[in-house]
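Colleague: Provided below are the primary sequence and the corresponding predicted coordinates.
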Amino acid sequence: MGRHSSMPDEYGTAAAGPRPRSRGRMVAIATALVLVVAAGTALAVRSDLLDLGGACGDEVHLEVVASPDMAPALREAADHAHDKQITSDGNCLDVRVTARDAYKVADSLRSGGAKPDFQVWVPDSDLWLQRVEQNAKATKVTTAGNVASSPIGVAMVPSAAKAFGFPRKTYSWTQLTGAAMEDDKLRLGAADPARSATGLLALTKLAASAKGAGDKDGTQAAAMAKVLSQRTSDTDGQLMDTVARDASGTEEGNPRRNQALVLSEQAAYAHNSDVGEDSALDLFYPKDGSPQLNYPFSLVDEPSMTTDESRAAVRFITLLGAPEGRSILEKHGFRTEGGASPDAVAAEAGARAPQPYAEPSSDPATGEQLEETLGMWTITVQSARITTVVDASASMANLVPGRGQSRMEVTKASMLAALSTFTPEDEIGLWEFATLLDGTRDYKKLVPTERLGDRKGAGTQRDRLSAAFTGLQPVPGGATGLYDTTLAAYKEATSSYKSGKFNALVVVTDGVNQDPDSVSRSSLISQLESLSDPEHPVPLIAIAVGPDTDKDEIEQIAEATGGSGHQVSDPADIQQVILKAIIEAGAKTN
């Protein structure tokens, strides 16, 4: 990609200016050694590790995998270390950098399978590390610090930016995205939030912005996500190929190209450096805050690293935090902690005052917010077909500790909140179960699984479901008829499978099976396995509520279908668990 050769000198002489608030400061070498590297490696704090260069002994090899945007800068830093004979413990650094999409690396490490062929991973965001850590069997990843940052905004071709009053007029995230909903006023593209940190962080900020503006039930955010999904690219790299290539944004012969993209500042910088001034993008920084990519420098399976590798990794991150390393990173469009003012990078990326490019970024999203956003995206983009089955046994009348409400009341509220995240295109149904609830059957079908937007009589399917959830009541004397109900519901869910949708069965119970006349657990699992079809997946999401449940039981039952079992102490957590389980099941079926 094209770069301005004069940029390092410009950075070296730039006047001090406002700096972005970093989400993770570069860890000082002593701290990194103590906290990150194995105890034996701490002995590496010696003068030869800190030397800038000199005569080499042997070479110490280090394999680094980085996100595609960061890899070129790290390669240049590695070349610099090699050319200057920078040493680690007397050995010259031989750092080899490979570009890989962060989501692919995260999925590989999360599986905890084969030993990785690299020692250091630098993804574009620590959200990928969080994803890895969700699996207890995952390969251990330890962060030593953040090497750079880049805020996220909305880049536009000049004609679109001019129409939006750039640079004088500022917008919130909902205002910018809302423009894309107004008769195609703005053709706005984004990368898939399931595969792109930029896409996920922006969508999470958008959802929070919408909520702050009064979107309490999430319907506005879901509608905006639906619009974005129509112009979504799989990866950030593919997204860059969709932008209109002329200043008018129409591009004769292909008027459907995007006029605007959700991009990191670094991506806009790289694009503008490559295409030149005439085709450069202008970059809006939303006034309600820009999320940041934060590029964590992470050791992979650190206990298996040799002492030389651990020392070399620390030496390399130290180089990246030194003036020559910061200069390389800034030349590639990244902001660095303790570096020059962001003005030069922002200007090349398309920023102009009074766009708030030097303002502090928005507070980082929590893991819970990210999971909720991914769940919302999954069920918005790939319309869902889900049958929910709720325990109505007498024990659901028991009070939830500290709440003063019954399990049923809290469960209903959580299920209604989950219902609000689905769109009119989704198909949702409801069953309840106890024992002998409907003649000899332990279950009753309350609302068939149909499209939420379908209207029958005075109301929609969503209205009917809301009323049915609200009307759920514990059955006096009713026991937990879990096995027969689960089998019957799964048979119906698989027989009514619809291609092109995310099909699933959600079962919520507060106890173990109590029907002595029901199918046995082993028989249930065997039949579920035979009904399950990888070509037409219908994962069972089983949620056990309270202390009277058996987590191992529901995990065995759910896993027979490719689904997942979850145990919660508070029914209020059901909504979050459903969204998380949808994410996990969606990842398995995609």
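Modeller: Looks like it arrived, so ask away. Residues are numbered from 1 along each chain as shown.
Colleague: Would you mind measuring from residue 482 to residue 438?
Modeller: Distance, residue 482 to residue 438, by Cβ to Cβ, to the nearest Å: 16 Å. Where C-beta positions appear, they are placed from N, C-alpha and C, glycine not excepted.
Colleague: oh sorry, the question was meant for residue 379
Modeller: Residue 379 is 29 Å from residue 438, by Cβ to Cβ.
Colleague: and what of residue 215?
Modeller: In terms of Cβ to Cβ, residue 215 sits 39 Å off from residue 438.
Colleague: List the buried residues for stretch 427-443?
Modeller: 427-435, 437, 442-443 (16 or more other Cβ atoms under 10 Å).
Colleague: for stretch 516-535, same thing?
Modeller: Buried-residue list, stretch 516-535, by 16+ other Cβ under 10 Å: 518-519, 521, 524-525, 527-528, 531-532.
Colleague: Please convert those to JSON lines, extending it with secondary structure, distance to residue 456 and pLDDT.
Modeller: Formatted as JSON lines, the buried residues of stretch 516-535 follow (DSSP: H, G, I helix; E, B strand; the rest coil; distance: Cβ to Cβ, whole Å; pLDDT from 0 to 100):
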{"residue": "518", "secondary structure": "coil", "distance to residue 456": "34", "pLDDT": "95"}
{"residue": "519", "secondary structure": "coil", "distance to residue 456": "34", "pLDDT": "96"}
{"residue": "521", "secondary structure": "helix", "distance to residue 456": "39", "pLDDT": "96"}
{"residue": "524", "secondary structure": "helix", "distance to residue 456": "34", "pLDDT": "97"}
{"residue": "525", "secondary structure": "helix", "distance to residue 456": "37", "pLDDT": "97"}
{"residue": "527", "secondary structure": "helix", "distance to residue 456": "34", "pLDDT": "97"}
{"residue": "528", "secondary structure": "helix", "distance to residue 456": "32", "pLDDT": "97"}
{"residue": "531", "secondary structure": "helix", "distance to residue 456": "30", "pLDDT": "97"}
{"residue": "532", "secondary structure": "coil", "distance to residue 456": "32", "pLDDT": "95"}
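Colleague: so can I have TSV of those showing distance to residue 317?
Modeller: Output for these, formatted as TSV (distance: Cβ to Cβ, whole Å):
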residue	distance to residue 317
518	59
519	57
521	51
524	52
525	49
527	54
528	49
531	51
532	46
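Colleague: Let me see the ranges of the strands in the stretch 451-590 of the chain.
Modeller: For the stretch 451-590 of the chain, the strands defined by DSSP state E, counting those that start in this stretch cover 455-456, 459-460, 502-509, 540-545, 564-568.
Colleague: just these: most buried one?
Modeller: Per residue and on average, the most neighbours among those fall to strand 540-545, with a mean of 27 (mean count of other Cβ atoms under 10 Å).
Colleague: now for that one, which elements pack on it?
Modeller: Where contact means 3 or more Cβ pairs under 8 Å, 6 or more residues apart in numbering; DSSP states H and E, strand 540-545 is packed against helix 482-495, strand 502-509, helix 551-559, strand 564-568, helix 574-589.
Colleague: mean confidence score for the third one?
Modeller: In other words, helix 551-559. The predicted model assigns helix 551-559 a mean pLDDT of 93.
Colleague: Ok, the shortest one next?
Modeller: Taken as a whole, strand 564-568 has an average pLDDT of 91.
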